[in-house]
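> When you get a sec, could you give me coordinates for this:
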Amino acid sequence: MIPIMLDIPESLETERLLIRAPLWGDGAAVNEGIGESLNELKPWMPFAQSMPTLEESEQYVRESRVDFLKRSMLNMHIFNKADGTFIGCSGLHHIDWDIRAFEIGYWIRSSCTGQGYITEAVNGITNFAIRELEANRIEIRCSARNTRSAAVAERAGFKLDGILRKSNRGTDGELHDSKVYAKVRGAEF
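Next up, the predicted model:
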C-alpha cells in the first residue's frame with residue numbers, strides 16, 4: 001500500500017463543525033487563533049513558545065497541506081459551521097499505515113473553550129479514521145499534567161492504556177509523564 005495513492009476525503013462535518021484539510025490562505029486564521037490563545041497554549045505546545053509571524057503561520061499551513069497530500073500527517077482545521085469562525089486545529093499524526101494506527105492531536109482557541117467543540121471534533125475525526133482510513137488503533141497522548149486534554153480523551157470514550165513515566169520533555173524543560181489513551185478495533189469500535 002502506497003499512502004499517497006489513497007483517496008482520502010479532505011473534509012468532514014459534525015453537528016456544529018466543519019473539519020477540513022489546510023488550504024493556502026488559512027495562515028491568517030491560524031495566526032489569529034494562536035495570538036488569542038498563546039498563554040493557554042504555551043505550557044503544552046512547542047509551537048506556542050513565542051508568537052509566530054503571519055508568514056510563519058502561512059508557511060505552517062502550506063507545509064501541512066503538502067503533508068496531507070503526501071499522507072504523512074493529516075492536520076485539519078476546525079471551523080464553526082454556523083458562522084465560519086476558526087476554532088482550532090486537530091488531525092491525525094504519527095501515522096503507521098501498515099498497522100493503520102493514528103494519533104489525534106488538538107488545540108482550541110481560548111474564546112471557544114468550554115463549549116464541547118474539541119470533544120466533538122475528536123469524535124468526528126475518530127469516526128473519520130475508522131470509516132475512511134480503516135483505523136485499527138487511534139491514540140491520544142498528553143502530558144499527565146494537562147488535565148484538560150486528558151478530560152477530552154476521557155469524554156470521547158478513549159481508554160487509558162497507561163502512563164509512560166518521564167517520557168516527554170515539557171515546554172517548561174522538565175520531564176513529564178505521558179498519558180496514552182486509545183481506542184482499538186474490536187474493543188471500542
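
> Would you map the helices across the protein?
With DSSP state H as the criterion, the chain has helices at 27-41, 54-70, 117-133, 147-155.

> Which other helices and strands does the last one contact?
When you say that, I think you mean helix 147-155. helix 117-133, strand 137-143, strand 175-184 (3 or more Cβ pairs under 8 Å, 6 or more residues apart in numbering; DSSP states H and E). For every residue, glycine as well, the C-beta is placed using N, CA and C.

> Between strand 137-143 and that helix, find me the angle.
Compare the direction of helix 147-155 with that of strand 137-143 by axes from the mean of the first three to the mean of the last three Cα atoms, to 10 degrees and you get 160 degrees.

> how much does helix 147-155 deviate in direction from strand 175-184?
Angle, helix 147-155 to strand 175-184, by the same axes, to 10 degrees: 20 degrees.

> can you give me the angle helix 147-155 makes with helix 27-41?
Using the same axes, to 10 degrees: helix 147-155 against helix 27-41 is 110 degrees.

> can you list the residues that contact helix 147-155?
Trp44, Tyr106, Ile118, Thr119, Val122, Ile140, Cys142, Ser143, Ala144, Leu160, Lys179, Tyr181 (Cβ atoms under 8 Å, 6 or more residues apart in numbering).

> coming back round to it: winner for burial among the helices and strands packed on helix 147-155?
For the helices and strands packed on helix 147-155, the largest average neighbour count (mean count of other Cβ atoms under 10 Å) is found in strand 137-143, namely a mean of 21.

> For stretch 7-19, give the mean pLDDT please.
Across stretch 7-19, pLDDT averages out at 98.

> can you tell me the distance between the two ends of that stretch?
Stretch 7-19 has an end-to-end distance of 17 Å (Cα to Cα, to the nearest Å).

> OK, contacts around Phe102?
By Cβ under 8 Å, 6+ apart, the residues touching Phe102 are Leu74, Leu92, His93, His94, Ile95, Asp96, Ala129, Leu133, Ala135, Arg137, Ile138, Glu139.
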